[in-house]
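A.B. asks: Next one to model:
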Amino acid sequence: MYEIENVLRDYAWGSTTAIAGLLGRPESGRPEAELWIGAHPGAPPWPAGWTAQWHRWMP
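C.D. replies: Numbers count the residues shown, from 1 in each chain. Model (predicted):
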């Protein structure tokens, strides 16, 4: 099992504080609108700490 890092979508209508506060991390200064969790082809998750896309190593 891998811990994954999910993708934040920074649409203009997003909040600069809400998602950061929910996740307990520092604010990015950008308007973060959505946190994509799962296997969406437009923004797949990555195993935490990895530097390349996970699908290259997963069966």
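A.B. asks: Counting neighbours, show which residues of stretch 39-49 come out buried.
C.D. replies: Pro45, Trp46, Pro47 (16 or more other C-beta atoms under 10 Å). C-beta: built from backbone N, CA, C; applies to glycine.
A.B. asks: actually stretch 1-12, sorry about that
C.D. replies: Buried, per 16+ other C-beta under 10 Å, within stretch 1-12: Ile4, Val7, Leu8.
A.B. asks: What pLDDT is listed against the closest residue to the last one other than its chain neighbours?
C.D. replies: Spelled out, it's Leu8. Spatial nearest neighbour of Leu8, chain neighbours left out: Glu32 (5.0 Å); criterion: C-beta to C-beta, 6 or more residues apart in numbering. Predicted confidence (pLDDT) at Glu32: the value is 95.
A.B. asks: Same question for Leu22.
C.D. replies: 91.
A.B. asks: Tally up the residues packed near the residue lying closest to Arg9 once chain neighbours are set aside, please.
C.D. replies: With sequence-adjacent residues excluded and distances taken as C-beta to C-beta, 6+ apart, Arg9 is closest to Glu34, at 4.2 Å. Applying other C-beta atoms under 10 Å, we find 14 residues neighbouring Glu34.
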